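> I'd like to go over a predicted model; first the sequence, then the structure.
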Amino acid sequence: MDRKIEKKTWTLKKILAASFAGVFSVLIPFFLLFNDTSAKLNVEAERIIVCEAKRGLFQEFIPISGTVEPFRTFYLDLTEGGRVIEKFVQEGAVVKAGDPIVRLENPNLALQVMNVQSNFMLAESQLRQTRLTFEQNRLYKENQLLDINMRLSDQKRKYHVSQILFDKGMAAQNEYESNKELYESLLKSRDLMIEVLRKDSLTNLQLVEQTATSVERSKAYLRLIQSQLAGLTVEAPISGQLTSLDAEIGQSVIQGHKLGRIDNTDSFKIRADIDEHYISRVHESLMGEYEFNDRTYTVIIKTVYPKVSAGRFAVDLTFAGEPPEGIRRGQTVHVKLQLGDIAEALLIPAGAFFASTGGQWIFVVDQSGTSATRRPITIGRQNPQFYEILAGLQPGERVVTSSYEQYDTIDKLILN
């Protein structure tokens, strides 16, 4: 009798396949979990700079360089040309306001002054003559009016007498009408003379005013020409130092020639250029610090010039107190311009890494100090010493702040 052979469910082949499948199901997650596929780079620890993120007081400021200039400078521009005939001081001298510096001669200008003086004297003479003529004419006509009034008064009596006699029949009509006509004629003559005097008075007044105005113009022009002649002796407009003088005896100079410059040495300012990146944040009254001879001086922005040239704009800063002793025109100074108030923040030292990352990420060193992993961060305010960290780091964490020139594509640094 045949015996039925039962088929085995688990064969050796199936057992081996199941075993391999179980092993792989365990190894693959383990491999994926513990095998780091990120880009790594071995770096010698001595070749990098590692700093710790700490909380501390932070103030945003920018370093700017400026040049010391006199607070007030006056340029000696000639209003009239001429030939230099005398020098009273030399370049570099200290002068007071009103001190003569050089004297010029200009024969044409002197001749022009003489002509203007002559015209002025003639205009004054004409004004006097006009007034005299008008006065004589007025007196003559007033005398005529007086004579008419006397005749009119006499004729008025005759007219009234003849009228009474005529009414009583004691005088001829012809005599009466003759006296009446003469009386009325004298009345018209008086009215006419009064009108003539009124019009002459108005005309005379207008002519005198016109002549007087002409005289005043001539007088003003004479003063102008005389001031130009006086200006041939160039005087110091302010007290200070004559820092430049372009004039030699016998030299001919034209109108507008820059003869020299006087600097007020009692006060100074600092002219500085700032990157246009900060133009919206820089304003008047902003303060800064300047060190000179181991002392710190406070400076204040007085003027902000809006014009931007070659990516920079200019500002003028003045000293909050007395300027430093020994400071000189043209000196270069370095100012820390404060852009904000002091406040507590999480800080890391400024470093070369910022040039490669733009402050968007940084390498953070692990607790063992054997590796540093790339991590995104957010940087806020900054100054030449520190960066303010807004997100991505905790106090006490250590970061690599040296150059990342070769680390752009690296995710992890292995520190040896």
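Structure received.
> show me where the stretch 51-200 of the chain has its strands.
With DSSP state E, counting those that start in this stretch as the criterion, the stretch 51-200 of the chain has strands at 54-58, 61-70, 73-77, 82-87, 94-95, 100-105.
> note down every partner strand of the fifth one and its orientation.
Yep, that's strand 94-95 we're talking about. Paired neighbours of strand 94-95 in the sheet (DSSP bridges): strand 240-245 (antiparallel).
> quick one: the strand it pairs with to strand 73-77, angle?
50 degrees (axes from the mean of the first three to the mean of the last three Cα atoms, to 10 degrees).
> what angle sits between strand 240-245 and strand 61-70?
On the basis of the same axes, to 10 degrees, strand 240-245 is oriented at 80 degrees to strand 61-70.
> centroid residue for the protein?
Taking Cα atoms, centre = their mean, the centroid of the chain lies closest to Y305, which sits 5.9 Å from it.
> still on that earlier bit, need the strands of the stretch 51-200 of the chain in JSON lines with mean pLDDT, can you?
Conversion of those to JSON lines gives the following (pLDDT from 0 to 100):
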{"stretch": "strand 54-58", "mean pLDDT": "90"}
{"stretch": "strand 61-70", "mean pLDDT": "88"}
{"stretch": "strand 73-77", "mean pLDDT": "84"}
{"stretch": "strand 82-87", "mean pLDDT": "89"}
{"stretch": "strand 94-95", "mean pLDDT": "88"}
{"stretch": "strand 100-105", "mean pLDDT": "89"}
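> Throw the ones you listed into JSON lines and include mean neighbour count and distance to A272, thanks.
(Glycine included, C-beta is placed from N, CA and C.) Shown next, in JSON lines, are the strands of the stretch 51-200 of the chain (neighbours: other Cβ atoms under 10 Å; distance: least, Cβ to Cβ, whole Å):
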{"stretch": "strand 54-58", "mean neighbour count": "13", "distance to A272": "23"}
{"stretch": "strand 61-70", "mean neighbour count": "17", "distance to A272": "3"}
{"stretch": "strand 73-77", "mean neighbour count": "15", "distance to A272": "17"}
{"stretch": "strand 82-87", "mean neighbour count": "16", "distance to A272": "36"}
{"stretch": "strand 94-95", "mean neighbour count": "16", "distance to A272": "28"}
{"stretch": "strand 100-105", "mean neighbour count": "19", "distance to A272": "32"}
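> for D275, which of the ones you listed is the nearest?
Nearest to D275, of all the strands of the stretch 51-200 of the chain, is strand 61-70, at 8.0 Å by Cβ to Cβ.
> hmm, I348 and G56 touching each other?
No. Between G56 and I348 there is no contact under Cβ atoms under 8 Å: 10.3 Å.
> tell me, what's touching the two both at once?
Common contact partners of G56 and I348 (Cβ atoms under 8 Å, 6 or more residues apart in numbering): F386.
> the residue nearest to the centre of the chain: which element?
Y305 belongs to strand 295-309 when assigned by DSSP states H and E.
> what about L205, distance to A212?
Computed with Cβ to Cβ, to the nearest Å, the distance linking L205 and A212 is 10 Å.
> more neighbours: those two, which one.
More crowded of L205 and A212, by other Cβ atoms under 10 Å: A212, with 15 against 11.
> list the helices and strands the helix or strand the more buried one falls within packs on?
When elements are assigned from DSSP H and E, A212 belongs to helix 173-230. Under the contact definition 3 or more Cβ pairs under 8 Å, 6 or more residues apart in numbering; DSSP states H and E, helix 173-230 sits against helix 107-167.
> by contact count, what packs against the helix it packs on?
Other helices and strands packing on helix 107-167, by 3+ Cβ pairs under 8 Å, 6+ apart, are helix 173-230.
> for the nearest residue to E397 once chain neighbours are set aside, grab phi and psi.
Leaving aside its sequence neighbours, E397 sits nearest to A53 (Cβ to Cβ, 6 or more residues apart in numbering; 5.1 Å). The phi/psi pair for A53 (degrees, to the nearest 10) reads phi -80, psi 120.
> got the contact list for A53?
Shown in contact with A53 (Cβ under 8 Å, 6+ apart): L346, L347, I348, I389, L393, Q394, P395, G396, E397, R398, V399.
> how about a markdown table for those residues, with secondary structure and pLDDT added?
As requested, the contacts of A53 are arranged in a markdown table below (DSSP: H, G, I helix; E, B strand; the rest coil; pLDDT from 0 to 100):
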| residue | secondary structure | pLDDT |
| --- | --- | --- |
| L346 | strand | 93 |
| L347 | strand | 94 |
| I348 | strand | 92 |
| I389 | strand | 93 |
| L393 | coil | 93 |
| Q394 | coil | 93 |
| P395 | coil | 93 |
| G396 | coil | 92 |
| E397 | coil | 94 |
| R398 | strand | 93 |
| V399 | strand | 94 |
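> any of these buried? List them.
Neighbour counting by 16 or more other Cβ atoms under 10 Å classes L346, L347, I348, I389, L393, E397, R398, V399 among those as buried.
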